[in-house]
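K.L.:
I need the structure of the sequence given here:
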Amino acid sequence: MRLLAFWGLGVSVVWGFAFLKSWERENACMQYEWTGKLHVKQIEYRNKQFYGESRLNALTGDVELVYSGWRRLPKYFCVFLFMLWQMLIMLVLVASWVTIYEILKATYKESHIFSTQWFLILLEGCVFGFFVDVVQWNMVVTKMGALFTHWENYRTEEQYEKALIRKLFLLDFLNYYTWFFSLAFIFVIPGLGNYLTNTFNHMFFGDAMNCCFGPYVNQDGSCTMCPVGDKDATCIECIGFFTFDRHHVDLSAMFVTPIVITQLLNIILRLVAPILVRKRRENAQARADTRAQQCVREAGSMKILGSLDYEDQKESQFGNKSSSRYLEYTPTEIEVLNKKAREILFDSEQDTYDPYDDFHVLTVQFGFTVMFSMLWPLMPFACFLINSVKSRTDGYRLCKTLKRPIPRRANGIGAWNSILTAYAYIAVIVNVLLICISTGVLEFFDETCVSDIQHQLEKQGKTLDDFVFGPDFGCLHIAWRLLFILLLEHLFVAIAYVSMRHVPRVPRWIKDVMSARENKFKGLLREHELDLFPPNSSSGNEGSCDNGKSADAGSDKSSMSSEACRIDVKGLVSFEGNASSVTNRSIRTSSSQSSPSRSISIDPMTPLSRAPSDAEFPTSTGVRTKAREKLARQWSDGSEN
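P.N.:
Coordinates of the predicted model:
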């Protein structure tokens, strides 16, 4: 039991944050290998469904659609009400699941593997997992989340995706983790599970809040004690079917269903359902093709060809050779062509790939792993095996059952990275609460508490190996538990935060490469600063070149163009073959046959205000080269003539 505490904190604090930091570094490596840079501006795609009021932008002078933020406040409130409704539904489902679990435990005493109780509890978990993961999530939660996000009306697709991901994150907690949080922090704590059970019996069946149920009822129907309120008070048996026994709730067995059974069911449904739909459609199309071929054979190909108007080939459907040749194929060849055509048509009609489902599954698995590995130590290995199978099935699903997605550049996984980070920090708090309150692991660090637990188990004919997770508040007071919670939670959250802040997200070798590239670029600028940016004088523009020649505003234009400065930038080549550009507005690259080194031709810049001509040619930068000025003058002279 003591090792479980170290295992849970090790997975949540060490592995969880190490995984996130390693992904950040890997993402930086992929960005650099793909673009040669780290901070690439992501393209913002406009939301086609965005609407608003047309207003004039005072800065740009363009008419833009504007949607006030206060209009989303009532919509946020509706989302909040929907989330409360979802949480209530999940609590009722959990209470129903626990009730059925108790009934099966009481009805079928044999609990070994492959027994009747084992099969029925497994079937119950499959049905509940199917409803929560498939029906509740895919048919209700995701659709309502997309509906609310569309209703909130965001300008860009990036804003829409971030808002949707935040909703999915909150709904995950209310849809998936309500089950486990209620089991881990309500049902296993003495008194809270009884109070919640009586609350549901009171709400749905009108029972008194102190009615007895399950383990508090004798065989004759009388109550041994009241589960809520004064233990010596008089109470009657509950009419409602909700029941609960804390000693039967095994937290280690509660996670087999959602992790193993539910995930496997989800994989099978996502893979098998599209294949069955595709086979059904292909068979229907094959039957239609067979009937069409039979009609052609019965009517006769020559009669069909003879009825066509060969004189007007432009209007005839079979007027060209390639179309009329279709009737000359054998049935086997026609079936091959039809099969290829069916594949093309089916691929074009497939559903568009939606990454939210895959990210949702991965984030849920990450949350289970970092938050509840202490309750079921095999959780990481089960997730690894499931993902190994899922990687192959997802490959088939993406290639065979979904439409090819349109590629878009992205700098990473976006808001999902923040969701994973939030899961990691929440997992630290959850593991501390599990150690100090829910599981009873904290008691095993006190020899007196261990002796008390062993003595209580010996009365029941059991040993410490039969210990069921649950706290003993009589041995360790709640005040000490709260003190340990505050100390451990602050300590491990601080360790995780410091490690995430001080471990760099960019590998050292990338920093060295980019620093060397930047130093070379700055060195070249310092070396040729006067050539690139010649100083201005009162009489005109002056500049100096490597050959010692100077150019001023009164010199001849032809000599200026021929006296262009040459800079050897052979060394200005970035690592891995990427060349660095100095500046586009003042430098243009030229090649020289006599010298193999790379060179840049520099033309002195002439400010518009000091141009020797009276004609004004405005530019965006306010300066232009002699070559541009010459072209502008030629264009001006030609337009005047």
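K.L.:
surely Met500 and Ala18 touch.
P.N.:
No. At 10.0 Å, Met500 does not count as touching Ala18 under the criterion of Cβ atoms under 8 Å. No exception for glycine: its C-beta is placed from N, CA and C like everyone else's.
K.L.:
out of these two, which sits in the more crowded spot?
P.N.:
Set side by side, Met500 and Ala18 show more neighbours around Met500, with 17 against 14, by other Cβ atoms under 10 Å.
K.L.:
look up how far Leu174 lies from the nearest residue in space to that one that is not next to it in sequence.
P.N.:
Once flanking residues are discounted, Met500 sits nearest to Phe17: 5.9 Å by Cβ to Cβ, 6 or more residues apart in numbering. Relative to Leu174, Phe17 is positioned 25 Å away (Cβ to Cβ, to the nearest Å).
K.L.:
next up, the contacts around the spatially closest residue to Cys383 that is not a sequence neighbour.
P.N.:
Distance criterion Cβ to Cβ, 6+ apart; nearest residue to Cys383, sequence neighbours excluded, is Gln365 at 4.9 Å. If you count contacts by Cβ atoms under 8 Å, 6 or more residues apart in numbering, Gln365 has them with 259, 263, 383, 386-387.
K.L.:
and the pLDDT for Gln365?
P.N.:
In this model, Gln365 is scored at 87, pLDDT.
K.L.:
and it, what element?
P.N.:
According to DSSP states H and E, Gln365 maps onto helix 355-372.
K.L.:
can I get the CA coordinates of that helix in PDB?
P.N.:
Provided in PDB are the C-alpha atoms of helix 355-372 (Å, rounded to 0.1, in the frame of the first residue of the first chain):
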ATOM      1  CA  PRO A 355      -9.400  15.600 -35.200                       C
ATOM      2  CA  TYR A 356     -11.500  16.300 -32.100                       C
ATOM      3  CA  ASP A 357     -12.400  12.700 -31.500                       C
ATOM      4  CA  ASP A 358      -8.800  11.500 -31.600                       C
ATOM      5  CA  PHE A 359      -7.600  14.300 -29.400                       C
ATOM      6  CA  HIS A 360     -10.500  13.700 -27.000                       C
ATOM      7  CA  VAL A 361      -9.600  10.000 -26.700                       C
ATOM      8  CA  LEU A 362      -6.000  10.800 -26.100                       C
ATOM      9  CA  THR A 363      -6.700  13.500 -23.500                       C
ATOM     10  CA  VAL A 364      -9.100  11.200 -21.600                       C
ATOM     11  CA  GLN A 365      -6.500   8.500 -21.500                       C
ATOM     12  CA  PHE A 366      -3.800  11.000 -20.300                       C
ATOM     13  CA  GLY A 367      -6.200  12.100 -17.600                       C
ATOM     14  CA  PHE A 368      -6.900   8.600 -16.500                       C
ATOM     15  CA  THR A 369      -3.200   7.700 -16.500                       C
ATOM     16  CA  VAL A 370      -2.000  10.700 -14.400                       C
ATOM     17  CA  MET A 371      -4.900  10.900 -12.100                       C
ATOM     18  CA  PHE A 372      -5.900   7.300 -11.300                       C
END
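K.L.:
now do it: distance to the chain's middle.
P.N.:
Mean-position distance between helix 355-372 and its chain equals 9 Å (Cα atoms, centre = their mean, to the nearest Å).
K.L.:
which other helices and strands contact the helix or strand that it is followed by?
P.N.:
Going down the chain from helix 355-372, the next helix or strand is helix 379-400, by DSSP H and E. In this structure, helix 379-400 makes packing contacts with helix 263-299, helix 355-372, judged by 3 or more Cβ pairs under 8 Å, 6 or more residues apart in numbering; DSSP states H and E.
K.L.:
helix 379-400 to helix 355-372, inter-axis angle?
P.N.:
170 degrees (axes from the mean of the first three to the mean of the last three Cα atoms, to 10 degrees).
K.L.:
what comes up buried for helix 379-400?
P.N.:
Going by neighbour count (16 or more other Cβ atoms under 10 Å), the buried part of helix 379-400 is 379-380, 382-383, 386, 390, 394, 397.
K.L.:
what comes up buried for the helix holding Gln365?
P.N.:
Within helix 355-372, the residues scored as buried using 16+ other Cβ under 10 Å are 359-372.
K.L.:
now swap in stretch 496-512 and tell me
P.N.:
Neighbour-count burial for stretch 496-512, counted by 16+ other Cβ under 10 Å, picks out 496, 500, 506, 510.
K.L.:
also stretch 206-221?
P.N.:
Of all the residues in stretch 206-221, those buried under the rule 16+ other Cβ under 10 Å are 207-208, 210-217.
K.L.:
how far does stretch 220-230 sit from the chain's center?
P.N.:
On the basis of Cα atoms, centre = their mean, stretch 220-230 sits 49 Å off its chain's mean C-alpha point.
K.L.:
average pLDDT for it, rounded please.
P.N.:
Mean predicted confidence for stretch 220-230 is 82.
K.L.:
name the residues that touch that stretch?
P.N.:
With Cβ under 8 Å, 6+ apart, stretch 220-230 has contacts from 191, 194-195, 197-198, 209-213, 216-218, 231-237.
K.L.:
of the residues you listed, which belong to helices?
P.N.:
If you go by DSSP state H, the contacts of stretch 220-230 have 194-195, 197-198 in helices.
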